[in-house]
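Student: Model the following, please.
(4 chains)
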There are 2 protein chains.
Amino acid sequence: MDKKAIAEQLKLDLLLCFSAYSLSHAFSRFYRPMLDKLGLTYPQFVVMMVLWENGKITMKALTDLVMLESNTLTPLLKKLEAAGLVKRTRNRDDERVLDIEITEAGLALKADGQMAAVELALASGEDIDGVMEMQQRMARMRDSVRAKLEAT
Amino acid sequence: MDKKAIAEQLKLDLLLCFSAYSLSHAFSRFYRPMLDKLGLTYPQFVVMMVLWENGKITMKALTDLVMLESNTLTPLLKKLEAAGLVKRTRNRDDERVLDIEITEAGLALKADGQMAAVELALASGEDIDGVMEMQQRMARMRDSVRAKLEAT
DNA sequence: CGAAATTCAATCGCGTGCGATTTAATCGTC
DNA sequence: GACGATTAAATCGCACGCGATTGAATTTCG
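Tutor: This next block holds a predicted model:
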């Protein structure tokens, strides 16, 4: 069966992309009640996850880790700073660089935030091995697609 | 290992949610060059996918299929209508209902649109069976998480 | 029949994502 | 050392997502 024949069979609920798209939305909705209590949005939670692990990081390194750019992260980080969870300072050695550091208040959310991620895994319907396998295969697909796009 | 012990081990690149989140973004970015040629955004493509299959549908049925609400779809559909790809009309039998119908111009994009989805599957790094398995397991996780949230 | 409840779509406000551009700082090369 | 190239972050505009609300049409039930 060639590409065109496959294409003609495609329906929304058979699309790889729609499964990922709707899965990501479902995850975000599942988190919402828990993250609301912490005063975080889901993308803010992702950034906090990095800071809970690293404590301090540059904007550049953060963009690489979360795979979002400064045009998305700058306003988000300003909100986290306004909420007192993060401190933003220019790097002394290179004024182009923005250093981002977690505050005490930000660290205080770590346990609850990480617990939310565990609750999600438990709600996924997969056992621990299944969760790990899916996590790895989704990351592998992501990296494959990113590499293919880059190669264009 | 209990929940708390698991939580303490968690890093961003081990999170199920981040794999789904970054995968969905990567898919959207991969589609962009192809969809730009069709003048569609990724969410618009999802809606067109439904219309390529069904031709005509109500807003209510569409919200169920794509798992987005009218507050998201109303402006999106108005853009598709402005682009001449879709026709929006009130249902004669029940004025609350909005009927959405694909136009000739909308149908003309079907082959190229569906081909984009095939290109994505080919770029995923999985073989055909792997793509199908991942598609189904992601959909199953989504449905499980949705059910758990509903049960709250 | 008629008022209250329900259903459906639309509107509004806010927080992402992201292409495109801008501004500022540093680097590389002569 | 100077100046063009590069790099980092911020800014701007537009298109989602979605909670909350509104408004209009229909259904339900007394």
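
Student: separation between the residue positioned nearest the centre of chain A and DNA strand D?
Tutor: With distances taken as Cα atoms, centre = their mean, chain A has A:Val46 as the residue nearest its mean C-alpha position (4.4 Å). A:Val46 sits 15 Å away from DNA strand D, going by Cβ to the nearest atom of the strand, to the nearest Å. Any C-beta I mention is one placed from the backbone N, CA and C, and that applies to glycine too.

Student: The nearest residue to that residue once chain neighbours are set aside: how many residues sit nearby?
Tutor: Distances taken as Cβ to Cβ, 6 or more residues apart in numbering or on different chains put A:Val66 closest to A:Val46, at 5.6 Å, once the chain neighbours are dropped. A:Val66 has 21 neighbours, counted by other Cβ atoms under 10 Å in any protein chain shown.

Student: give the contact list for A:Glu69.
Tutor: Going by Cβ atoms under 8 Å, 6 or more residues apart in numbering or on different chains, A:Glu69 touches A:Thr63.

Student: Is A:Glu101 within a helix or a strand, and which one?
Tutor: Using DSSP states H and E, A:Glu101 sits in strand A:98-102.

Student: Could you list the buried residues of that strand?
Tutor: A:Leu98, A:Asp99, A:Ile100, A:Ile102 (16 or more other Cβ atoms under 10 Å in any protein chain shown).

Student: The first one: what's it in contact with?
Tutor: Pointing back at A:Leu98 there. A:Thr58, A:Met59, A:Arg88, A:Thr89, A:Arg90, A:Asn91.

Student: If we use 6 Å, what do you get?
Tutor: By Cβ atoms under 6 Å, 6 or more residues apart in numbering or on different chains, the residues touching A:Leu98 are A:Met59.

Student: Next one: it from A:Ala139, what distance?
Tutor: Distance of A:Leu98 to A:Ala139, given as Cβ to Cβ, to the nearest Å: 27 Å.

Student: And for the last one?
Tutor: As for A:Ile102, its distance to A:Ala139 is 25 Å (criterion: Cβ to Cβ).

Student: cool, and the third one?
Tutor: Taking Cβ to Cβ as the criterion, A:Ile100 is separated from A:Ala139 by 24 Å.

Student: Run a quick neighbour tally on A:Glu71.
Tutor: One correction, residue A:71 is Asn, not Glu. Counted by other Cβ under 10 Å, the residues lying close to A:Asn71 total 8.

Student: those strands in chain A, which residues are they?
Tutor: Secondary structure of chain A (DSSP state E): strands at A:56-58, A:86-90, A:98-102.

Student: and those as TSV, adding distance to DNA strand C and mean pLDDT?
Tutor: Below are the strands of chain A laid out as TSV (distance: least, Cβ to the nearest atom of the strand, whole Å; pLDDT from 0 to 100):
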stretch	distance to DNA strand C	mean pLDDT
strand A:56-58	13	96
strand A:86-90	8	97
strand A:98-102	11	97
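
Student: Throw the ones you listed into CSV and include distance to DNA strand D, thanks.
Tutor: Output for the strands of chain A, formatted as CSV (distance: least, Cβ to the nearest atom of the strand, whole Å):
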stretch, distance to DNA strand D
strand A:56-58, 5
strand A:86-90, 6
strand A:98-102, 4
